[in-house]
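Undergrad: predicted structure and sequence below. I'll ask about it afterward.
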Amino acid sequence: MIWIEAIAVIFGLLCVWLTIRQNILCWPTGLIQVLLYIFIFYKALLYSDMLLHVIYVAMQIYGWYHWLYGGKGKTELKVSVLPVTLLIKWICIGVLGTFTWGYLMTNYTNAAAPYADAFTTAMSLIAQWLMARKRLESWFFWIAVDLVAIGVYLYKSLYLTMGLYAVFLVLATIGYFRWKATMTAKQSDKNFVKIVEV
């Protein structure tokens, strides 16, 4: 299984690197990664993570399409920011999802780390949805997921995957600042055009 995990790690790193650069190829590389992790998490008894990656298959396809055609007039999607009230709602949904799924995993499965696993599942779904919508705040959710996932994978002796999520943590932080910078640059360009037009 170690070679499958190694391939998944490589595709995972490539996917995040391409996402930071807002390159559309992040979606097909991510699709390969999630397919491999379905098998890895099944073997490791991390059922929430396995289910999450099954859902990711559909979300990867959706994100791929939405980045290409989700902008105005079916153009390429641009990075945007969530209203604060919507961000709070997503956080509340994530907390509720964590406790609900964690309870079910604790009482009806032999899951290894039910609540931590549930947290990464709930918050990853939100992060992936926001990423597909190119929302800047998606990186905040990924950072939280990465922090908890590092502990879970260390506990399960999935050292390559733990290392991957440590790198993801760094990349998610870089991703946030890079996406924010592109938004600032585009806003500056718009302001310059308005000044020139005046």
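TA: Right, received. Where do you want to start? Residues are numbered from 1 along each chain as shown.
Undergrad: every contact and neighbour count from this point should use C-alpha atoms.
TA: Fine.
Undergrad: report the mean per-residue pLDDT for stretch 162-176.
TA: Stretch 162-176 carries an average pLDDT of 93.
Undergrad: ok, stretch 67-76 next?
TA: On average, stretch 67-76 scores 82.
Undergrad: can you pull the buried residues of that stretch?
TA: 67, 70 (16 or more other C-alpha atoms under 10 Å).
Undergrad: tell me how far the ends of it are from each other?
TA: One end of stretch 67-76 to the other measures 6 Å (C-alpha to C-alpha, to the nearest Å).
Undergrad: which other residues reach it?
TA: Taking contacts as C-alpha atoms under 8 Å, 6 or more residues apart in numbering, the residues outside stretch 67-76 that touch it are 24, 77, 78, 132, 133, 134.
Undergrad: now these as TSV including secondary structure and distance to residue 182?
TA: Formatted as TSV, the contacts of stretch 67-76 follow (DSSP: H, G, I helix; E, B strand; the rest coil; distance: C-alpha to C-alpha, whole Å):
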residue	secondary structure	distance to residue 182
24	coil	16
77	coil	13
78	coil	9
132	helix	17
133	coil	16
134	coil	12
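Undergrad: low-confidence ranges in this structure?
TA: In the predicted model, the chain carries pLDDT under 70 at residues 1, 186-198.
Undergrad: what about the nearest residue to residue 117 once chain neighbours are set aside, which helix or strand?
TA: Leaving out its chain neighbours, the residue that sits closest to residue 117 by C-alpha to C-alpha, 6 or more residues apart in numbering is residue 48, at 6.0 Å. In this assignment (DSSP states H and E), residue 48 forms part of helix 47-69.
Undergrad: mind listing what's buried in the helix or strand just after that helix?
TA: On the C-terminal side of helix 47-69, the nearest following helix or strand under DSSP H and E is helix 84-108. Residues of helix 84-108 classed as buried by neighbour count (16+ other C-alpha under 10 Å): 90, 94, 95, 97, 98, 99, 101, 102, 105.
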